[in-house]
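Asks: Have a look at this fold, sequence not included:
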RNA sequence: GGCCCGUUCGUCUAGGGGUUAGGACGUGGCCCUCUCAAGGCCAAAACACGAGUUCAAAUCUCGUACGGGCUACCA
């Protein structure tokens, strides 16, 4: 049977980078083995699920280029089927109605409460099968249900035995039934619970391989019990190591903010291919290769479940340092893509960025095309994100641009003679014919000799005058790109800054 | 508390009985140079700890420590 995998995020908040990576691995696996990659939105938690979140997930996947096969599935649409499955399990004796009144749970410290309850249960040696309704006859159970007495549905876990499966990443796993409680399948309000819903949907969607976060590793045993009760084939499982924050805590929206949101990367100027490449290397590495920068085709070609690690990966960033707002390697990867991508692929990304900041002109694609390409080639080598094209790169595309204060102080203010030198240099440049990198360099150097100053003084001053920056490409290349007229004008206008 | 999972440079990782423990990011230095968070070269930097098996352990076994996950009528 051909491979069918799925990515099943719940639409509560934005798409988390950990979830995005899970999606990516599923997608890579499907593409690698020629299987299907399905998408299912697990929106059964009506309280927390939002349409906006679903949209953000879809957008995020599209941005990463993870296209899905077949119809998008909304889990909430299958609730009736899940309920029917639970009821069917009562009929077949694999589940039972629990008429115990629902215990109220304080929303606050759920985890602690659970741990506490478990501790007490353990110290008292509680038997997981001690539910008084477990052995109620089906006839009586039916009668009480017919009398509209509320009930939850619990799986009747066998008293003796164990579940076992071979995880593709973590190896052989087994668990005694005695350690698994009679889990609730259906709430007393008729709402199907997670473990039931996933299993039902995965069966319905004919999922052959479940690739998901390690946080589900121990749940898997419960799910296997449900598969068996339902008489369905158990899929293969592969659990992925978690992505942790620098303090080794779980990466969370509340604690870590936008750095965990995939859309942040899109909005802050990441090239999707670069971020995807970075994500692929978090918890996976290619076998027999030390190559890290990989195209999508190479990623598909190299991908294998065997290459997935068992230890969690730390997503390294420092919220107190703007330069390290996200993982340094991710930033480097992005810069690497920006400076080495084929220009044709980078072009639309730059266009989108310039359009968004009002710097785009149609002529960049027609009359000024050659100039635009040369300019991009000249500046992209020191850019880290697409935002740099509209920020640091602004002066190449527009006449209004900001001057970096430090650059002004260092290259203009520190030498008062520049008040006279810059306009004089402008005069010289206006006489150069033709005007290009070589001739402007010759003119500038000759002028420096004449004026008795170092060429570097004029070069650095000109850089700041023309681009507002202290850093940039070779200055003579910049003269050429900005052009004679604009260069001369900017040199003269810079006098007011000295 | 119980069960499960994990632990190689600061971070991502290679390596699965014999290696000068390899690569990448970041860091430091040098070179280039008109500047730079560009490019080139170099360097510092790791097998959590303790036992055991073995001629030989980062690698296999056990234990300890630490971290994480699950343990719910959440997903």
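Replies: Okay, I see it. The structure displayed is predicted, hence computed values, not measured ones. Numbers count the residues shown, from 1 in each chain, chains lettered A, B, ... in the order given.

Asks: Which residues of the stretch 51-200 of chain A lie near RNA strand B?
Replies: A:75, A:98, A:100-103, A:105, A:110-111, A:114-115, A:117-119, A:121-123, A:152, A:170-171, A:173, A:175, A:179, A:181, A:183-184, A:187-189, A:191, A:193-195 (Cβ under 7 Å from any atom of the strand). The C-beta positions use only the backbone N, C-alpha and C, and glycine is treated the same way.

Asks: filter those residues to the buried ones?
Replies: For those, burial is judged from neighbour counts taken by 16 or more other Cβ atoms under 10 Å, and it is met by A:75, A:98, A:152, A:170, A:173, A:175, A:181, A:183-184, A:188, A:193-195.

Asks: farthest pair in those?
Replies: Farthest-apart pair in these is A:170 and A:188; separation 35.0 Å (Cβ to Cβ).

Asks: pretty sure residue A:269 is touching residue A:352, no?
Replies: No: the criterion here is Cβ atoms under 8 Å, and residue A:269 misses it with residue A:352 at 10.2 Å.

Asks: who has more neighbours, the two?
Replies: The residue with more neighbours, out of residue A:269 and residue A:352, is residue A:269; 19 against 13, by other Cβ atoms under 10 Å.

Asks: Sort out which of the residues of the stretch 51-200 of chain A next to RNA strand B are in strands and list them.
Replies: A:98, A:152, A:171, A:173, A:175, A:184 (DSSP state E).

Asks: so what's the closest residue to residue A:190 other than its chain neighbours up against?
Replies: Nearest non-adjacent residue to residue A:190, counting by Cβ to Cβ, 6 or more residues apart in numbering: residue A:83, 6.2 Å away. Residues counted as contacts of residue A:83 (Cβ atoms under 8 Å, 6 or more residues apart in numbering) are A:186, A:190, A:192.

Asks: Now for the residue lying closest to residue A:455 once chain neighbours are set aside, how many residues are close by?
Replies: Nearest in space to residue A:455, with sequence neighbours left out and distances taken as Cβ to Cβ, 6+ apart, is residue A:448 at 4.3 Å. Using other Cβ under 10 Å, residue A:448 is surrounded by 18 other residues.

Asks: what's the answer for residue A:290, then?
Replies: 6.

Asks: Residue A:459 versus the residue nearest to residue A:455, what's the distance?
Replies: 9 Å (Cβ to Cβ, to the nearest Å).

Asks: secondary structure element for the residue nearest to residue A:455?
Replies: Assigned by DSSP states H and E, residue A:448 falls within helix A:437-451.

Asks: Pull out the buried residues from that helix.
Replies: So, applying 16+ other Cβ under 10 Å, buried residues of helix A:437-451: A:439, A:440, A:441, A:443, A:444, A:447, A:448, A:451.

Asks: quick one: what helix or strand has the closest residue to the last one other than its chain neighbours in it?
Replies: Across the structure, with Cβ to Cβ, 6+ apart as the measure, the residue nearest residue A:451 apart from its sequence neighbours is residue A:421 (6.1 Å). Of the helices and strands defined by DSSP H and E, residue A:421 is found in helix A:418-431.

Asks: for that helix, which positions count as buried?
Replies: Taking 16+ other Cβ under 10 Å as the criterion, helix A:418-431 shows A:418, A:421, A:422, A:423, A:424, A:425, A:426, A:428, A:429 as buried.

Asks: Return, as residue ranges, the portions of chain A with sub-threshold pLDDT.
Replies: A:105-109, A:121-126 (pLDDT under 70).

Asks: Now do the strands in it.
Replies: Using DSSP E, strands in chain A cover A:4-7, A:36-41, A:73-74, A:95-98, A:152-155, A:162-167, A:171-176, A:184-186, A:209-213, A:236-240, A:243-244, A:313-314.

Asks: Packing partners of the fifth one?
Replies: Helices and strands touching strand A:152-155, by 3 or more Cβ pairs under 8 Å, 6 or more residues apart in numbering; DSSP states H and E, are helix A:79-91, strand A:95-98, strand A:184-186, helix A:219-230.

Asks: Could you list the residues of the stretch 251-400 of chain A in contact with RNA strand B?
Replies: A:281-285, A:287, A:290, A:292, A:307, A:309-314, A:316, A:323, A:327-329, A:331-332, A:339, A:381-382, A:384.

Asks: Against residue A:8, how distant is residue A:74?
Replies: 11 Å.

Asks: Can you give the domain ranges for chain A?
Replies: When chain A is parsed with automatic domain parsing, its domains come out as A:4-71+A:243-314, A:77-240, A:342-397, A:405-497.

Asks: Now do the end-to-end distance for the first one.
Replies: In this case it means domain A:4-71+A:243-314. Its start and end residues considered, domain A:4-71+A:243-314 measures 30 Å (Cα to Cα, to the nearest Å).

Asks: And for the third one?
Replies: Between the opening and closing residues of domain A:342-397 we find a distance of 21 Å, counting by Cα to Cα.

Asks: got it, and the second one?
Replies: Its first and final residues considered, domain A:77-240 spans 28 Å by Cα to Cα.

Asks: For residue A:10, grab the count of nearby residues.
Replies: Applying other Cβ under 10 Å, I find that residue A:10 has 19 neighbouring residues.

Asks: again with the one 3 residues further on
Replies: Other residues lying near residue A:13 total 17 when counted by other Cβ under 10 Å.

Asks: Quickly note the distance from it to residue A:257.
Replies: Distance from residue A:13 to residue A:257, by Cβ to Cβ: 12 Å.

Asks: what's the answer for residue A:55, then?
Replies: 20 Å.

Asks: Next: residue A:50.
Replies: Residue A:50 is 19 Å from residue A:257, by Cβ to Cβ.

Asks: One more: residue A:51?
Replies: Residue A:51 is 23 Å from residue A:257, by Cβ to Cβ.

Asks: Between these two, which is the more surrounded one?
Replies: residue A:257 (12 against 9).

Asks: Test my guess that the more buried one contacts residue A:319.
Replies: Yes: the criterion here is Cβ under 8 Å, and residue A:257 meets it with residue A:319 at 7.2 Å.

Asks: related to what we said a few turns ago, so what sits against both of residue A:74 and residue A:8?
Replies: Common neighbours of residue A:74 and residue A:8 (Cβ under 8 Å, 6+ apart) are A:40, A:41.

Asks: Same drill for the two, tell me which one is more crowded.
Replies: Neighbour count, other Cβ under 10 Å: between residue A:74 and residue A:8, residue A:8 has more, with 23 against 16.

Asks: Kindly list the main-chain dihedrals of that one?
Replies: Torsion angles at residue A:8 (phi, psi; degrees, to the nearest 10) stand at phi -130, psi 70.

Asks: list the contacts for the nearest residue to it once chain neighbours are set aside?
Replies: Among residues not flanking residue A:8 along the chain, residue A:40 sits closest, at 4.5 Å (Cβ to Cβ, 6+ apart). For residue A:40, the contacting residues are A:6, A:7, A:8, A:72, A:73, A:74, A:75, A:201, A:205, by Cβ under 8 Å, 6+ apart.

Asks: Save those as a markdown table, and put in distance to residue A:480 too.
Replies: What follows is the contacts of residue A:40, written out as a markdown table (distance: Cβ to Cβ, whole Å):
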| residue | distance to residue A:480 |
| --- | --- |
| A:6 | 54 |
| A:7 | 49 |
| A:8 | 54 |
| A:72 | 51 |
| A:73 | 56 |
| A:74 | 57 |
| A:75 | 59 |
| A:201 | 61 |
| A:205 | 59 |
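
Asks: which one of those residues sits closest to RNA strand B?
Replies: Minimum distance to RNA strand B across these is 6.9 Å, recorded for residue A:75 (Cβ to the nearest atom of the strand).
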